[in-house]
Structures are given as structure tokens and as C-alpha cells.
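Peer 1: pasted the sequence and its predicted model underneath.
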Amino acid sequence: MRSFLIVLATAAAVCVGNASRIRGIPPPWTAALVLSAACLFAEWRKRRAAGQELLAAPAHLPVFLLCMSAYMATMRWHGGDDIPNSLIPFGILRHGTLSLEPFRAKFETETLHDFLSPVDGPLLSIFSVVPAVLALPVYILPAMAGGAPNDFGLHNLSKISGALITALSVVLVYEACLRRKAAERWAAACALFYGLGTWSWSVSSQALHSHGPAQLGTALGMLGLLGERPRDAALAGLGFSLAVASREDSVFFFAAAGLFILVHRPRGLVPFILGAAGPQLFNAAYWLWYTGVLRPPYLGAQGHMFGDFQARAVWGMVASPTRGLIFFSPAALFALWAMARASRDPERRWAPYLLAASAGMIVFVSYRVTWTGGQTFGTRYYAAACAIWTVALAELGPTIAASTRLRAAWAAAFAASAVVHAAGAFFPYPGSFMTQGAEAELWQWSLHPAANLFRAAGPMSGLPAPARLAAAAAFLAAGLPLARWAYRSAEANRRS
């Protein structure tokens, strides 16, 4: 914990030292880092004075602050696709519009045409506008401050928004783990695996992408599925519907949840539908208002991205060193094992539906001509699924605790997952921007994030070879204390 705070304090000092570079729209991510780290330190001292561990339940606030501090400490913006949604809140608050029309000059003078839907009338984003609506609270003060949004300010706001939304999803996953009666430290370990050992850290929290809102909705939906009251069914409908409204490929999880409710809790079907109505009605109203038809304005453009089924895509998403789940989040294998076990448990009847939905999502993505995602970090399409898998992982604690080998394997997998996604969060993504280039690089082991740190053309290319090798080795060695903590967290299940 102390080492973590020292690292964050150092990063904050560096950023504050460069504060003269910051112009335009407040607040910058510097302030968010200092605030989250200071609150984390205060919470740690408070709990220490009370004789409590930082992550002793209830640890919702420490989990949130740990993730926010880690997300902000990267001192960089990993965006591009977030540009429309980083502007739309200004359109809402200053011009009363969800279109990009107030920023026509920006899209006409910059190479941003790919972000526009090919429809007549006002300029519309090629992505869902739901992330922009969720981010509105972050934009209120900057919008009131006046001045035209500049790129650096937009990057700050986009990153802070994405980080807040993603960190909130981690808190919901933590709550779901507690509801599955996971031991205190194990619930925290599961939540931090999801928050730091998956695309939550490397992608979703680094800009206002659609993944963070989809994860927030999925985590909310899982909380609803764990209960049996009508209000729980409504919460499940709201959550999974929010995920779909943010990212259409979340429809597999929405359909699986709805089918589970229909078959096993039919009295909850009406509340589920009512809960789901809000996000879908919002989207429908947006489509009708700006296009006059009840379909997404970006449907045509997105439809051109699909072709025939590609078996190599499935294999690549699972096992390639530049896109494979195994090499980007090895701890997810424990979560998938937990999902498989839960699927045979009559008390967890939701598991087989959502496991099948996860497989359906992978097959769906394999039809995308652009399934590699261009220059991205691994296969970011797993981001929302990881929230579901982590809830199942919460119940695997006693099994892992009972075996020394399993505890060691879990600890190594947890640390490796966190270090890999830390590399994605702190450094530029390796590989090609182009779809064809990314496919050609699928099996280039030197482009795995851990190996890429050592390359002469990697993110530390400015350092002499000895310094680069030492820095890369030190970065990877940061996983050792993480592994030790993960081992002890798993071991604690035996004493719970």
C-alpha cells in the first residue's frame, strides 16, 4: 500500500511540475489523480487508526479510490474513437443538441470524417451518444467556464469521464462478489482483478469509449440477476439495457438475462421489460428526432464492417500474443472456469445463459472484417464480459484456497494480468493502426505488451539498450508484490 502511494505521489508531482502546459478546460487529470490519491491515503489512515485493513469489508470506497488512482496515474489519454462523445456534452450543455453540428468546422477541417454517420441533416456521431450523456456531470463546470473546447482539455475530460464510469463498474462488481458471499479479501481481489487486470485499466478508463458504460450497465445488470425480487429484475433490465444502448454487441448478455428471467423467474419478466425500457426509449427518441426513422443513424456504416465467419478470428481472440485472452488476462481463465462450474449448479441458473452469451459475442465479433480493432490493446471486446465472469469467480475462492498449487497459479495469473494491462495503460499500444497490418501481426510474439517493453522500437525506444532492459525488467518485477498479495488474499479464504 505504501509503495502504491509513493508511486502515485511521484506521478502527481511530475504532472503538477508540468502544469504550465495545461490550458483551457479544467479540470485536468492532474487534479483527479491528486484528489483520488489523497482520499485513498486519508481512507487508509482512518482504517489503520481503527485497526482495520484497507480492503476489509465494506471496501467499496477503497476499491473505487484504488482504481481511480491507478487510472489517473497513467498520465496519458488513450483515445481516438472517443472524440465525438467528448464533444457532445458541450453540445448538450451549451447548444441543447445531441448532434455534432456545433462542431462542424472541427470535423470539416480535421481528418475526422470517419466519425460521422452518413445521413442527411445535422452531423451525427457514428457511435452511441449514451456515453456522452453519462459523462454530463463531469462537463458541467467546464461548460460553464466558457471558451472553445481544445484538444488537450477534451482529452482530460474524456479520460476523467471514462475513469469514473469504469471505476463505478468495479464498485458494482465488488458488491456483486460480496452478495455471492465471497470472503472479504477474496471479494476485493476479484474486484481488483476486474478493475486492474482486464481492459478496465488499459482501455475503458483511459478515454470516454463505449466500453466503460457497457461495463457499468453489465455490472448493474448482474446485481439485479443475483436477487429474486421484482425490483431486482427491473434493475437487471435497466443494467443490461444500458449496456446495449452503449454498445450494441452487449445484446447477447441482455438476451441471455431476459431468457433466464422468462424461464426461471417469469414473475420478473414485466419488471425486467419496464427496467429495460428507459435506455431503449432514449435511443429511439434520439434516432427519430435526428433522422426520422427508428434505426441507428450509423447502421449502414457499421453494417459494412461485417463479412463471412472467420475461424482465425476466434482462435486469435483466444490465443494469439497480440489479441488473445490467454496472454492479456490469464486470470480470466480462472473466471471462465468458475463460469463453467456455475453452469452445472442449479442454484446459479443464470450462469449457463451468460456463458453461452459470451461465446455468442466472440462468434459475432469473428464476423467483423475489422475484428482486430486496428491499433487497440488486445481484444477489448471482452471488457463487459469480464464483469460477468468476475461475479462467478467470487465463488471459486474456497476451491483455490484449498490448494497450494491453485493459489500459486492464481497469484501468478493475477499479477501477470495486472502488469500487462498496466503496460497498456502507461505506454502506447503496440502494433499497426490498420486492420490488415494488425492481422499480419497476430503471431508476432515480440508485440505482446510485456515483450514489447524490451524492443528497441518499443515504448522505451529513447533509452540506451542497458537502461531500456533494466527499466522493462523493473516494470515487470512490479508484479511480484502483486502476486504475493493475491496469494494471501486467496489463502485468506481458508480462514473465513
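Peer 2: Looks like it came in fine.
Peer 1: what about the strands in the stretch 1-150 of the chain?
Peer 2: When secondary structure is read from DSSP state E, counting those that start in this stretch, the stretch 1-150 of the chain shows no strands.
Peer 1: where does it dip in pLDDT?
Peer 2: Along the stretch 1-150 of the chain, segments meeting pLDDT under 70 span 1-28.
Peer 1: quick one, helices of the stretch 301-450 of the chain?
Peer 2: Listed from the start of the chain, the stretch 301-450 of the chain has helices (DSSP state H, counting those that start in this stretch) covering 311-319, 325-328, 332-342, 350-365, 383-393, 397-401, 404-426, 435-440, 449-452.
Peer 1: just the buried residues of the fourth one, please?
Peer 2: Buried residues in helix 350-365, counted by 16 or more other Cβ atoms under 10 Å: 350-355, 357-358, 360-362, 364-365. (Each C-beta comes from the backbone N, C-alpha and C, glycine too.)
Peer 1: which outside residues touch stretch 452-459?
Peer 2: The contact list for stretch 452-459, computed with Cβ atoms under 8 Å, 6 or more residues apart in numbering, reads 423, 427-428, 430, 446, 460-461, 465, 468-469, 471-472, 475-476.
Peer 1: now the residues you listed: which count as buried?
Peer 2: Going by neighbour count (16+ other Cβ under 10 Å), the contacts of stretch 452-459 have 423, 427, 430, 460, 468, 472, 475-476 buried.
Peer 1: a markdown table for these, including distance to Ala73?
Peer 2: As requested, the buried ones among the contacts of stretch 452-459 are exported to a markdown table (distance: Cβ to Cβ, whole Å):
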| residue | distance to Ala73 |
| --- | --- |
| Ala423 | 13 |
| Phe427 | 13 |
| Pro430 | 21 |
| Met460 | 18 |
| Arg468 | 21 |
| Ala472 | 19 |
| Phe475 | 13 |
| Leu476 | 17 |
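Peer 1: mind listing what Ala342 touches?
Peer 2: Contacts for Ala342 were tallied using Cβ under 8 Å, 6+ apart; they are 348, 351, 392, 395.
Peer 1: most widely separated two among those?
Peer 2: Maximum pairwise distance in the contacts of Ala342, criterion Cβ to Cβ, is 9.8 Å, between Ala351 and Glu395.
Peer 1: residue nearest the centroid of this structure?
Peer 2: Ser200 (2.9 Å; Cα atoms, centre = their mean).
Peer 1: Ala457: how many residues sit nearby?
Peer 2: Neighbouring residues of Ala457 were enumerated by other Cβ atoms under 10 Å; the total is 9.
Peer 1: where does it land in three-state SS?
Peer 2: Assigned with DSSP: H, G, I helix; E, B strand; the rest coil, Ala457 falls in the coil class.
Peer 1: rewinding a little: ok, which of the helices of the stretch 301-450 of the chain comes nearest Arg488?
Peer 2: Proximity to Arg488 (Cβ to Cβ) singles out helix 404-426 among the helices of the stretch 301-450 of the chain, at 8.5 Å.
Peer 1: which residues touch Tyr174?
Peer 2: With contact taken as Cβ under 8 Å, 6+ apart, Tyr174 is in contact with 59-60, 63, 187-188, 190-191.
Peer 1: most widely separated two among these?
Peer 2: For the contacts of Tyr174, the maximum inter-member distance is 13.6 Å, found between His60 and Cys190 (Cβ to Cβ).
Peer 1: tell me the pLDDT of the nearest residue to Gln375 once chain neighbours are set aside.
Peer 2: Nearest in space to Gln375, with sequence neighbours left out and distances taken as Cβ to Cβ, 6 or more residues apart in numbering, is Phe433 at 4.4 Å. At Phe433, the model reports a pLDDT of 75.
Peer 1: looking at it, Phe433 is touching Thr372, isn't it?
Peer 2: No - if you go by Cβ atoms under 8 Å, Phe433 and Thr372 don't touch, sitting 10.7 Å apart.
Peer 1: who's more crowded, the two?
Peer 2: Summary of the neighbour comparison: Phe433 and Thr372, criterion other Cβ under 10 Å, with Thr372 having more neighbours (28 against 11).
Peer 1: so the more buried one makes contact with Gly316?
Peer 2: Yes - contact status for Thr372 versus Gly316: in contact at 7.4 Å, counting by Cβ under 8 Å.
Peer 1: overlap in contacts of the two?
Peer 2: The overlap between the contact sets of Thr372 and Gly316 (Cβ under 8 Å, 6+ apart) consists of 323, 439, 442.
Peer 1: pLDDT check: weakest of the residues you listed?
Peer 2: Looking at pLDDT alone, the shared contacts of Thr372 and Gly316 dip lowest at Glu439, where the score is 89.
Peer 1: so what's it up against?
Peer 2: The neighbours of Glu439, taking Cβ under 8 Å, 6+ apart as the test, are 316, 372.
Peer 1: just to revisit the earlier point, nearest to Ser403 among the shared contacts of Thr372 and Gly316?
Peer 2: For the shared contacts of Thr372 and Gly316, the residue nearest Ser403 by Cβ to Cβ is Arg323; the value is 30.8 Å.
Peer 1: contacting residues around the closest one?
Peer 2: By Cβ under 8 Å, 6+ apart, the residues touching Arg323 are 316-317, 372, 378-379, 438, 442.
Peer 1: for those residues, pick the one with the most neighbours.
Peer 2: Of all the contacts of Arg323, the highest neighbour tally under other Cβ under 10 Å goes to Gly378, namely 30 neighbours.
Peer 1: OK, contacts around that one?
Peer 2: 199, 202, 322-325, 327-329, 424.
Peer 1: correct me, but Leu325 touches Arg380?
Peer 2: No - look at Leu325 against Arg380 with Cβ under 8 Å: they stay out of range, at 11.1 Å.
Peer 1: any idea which helix is longest in this protein?
Peer 2: If you go by DSSP state H, the chain has its longest helix at helix 151-179.
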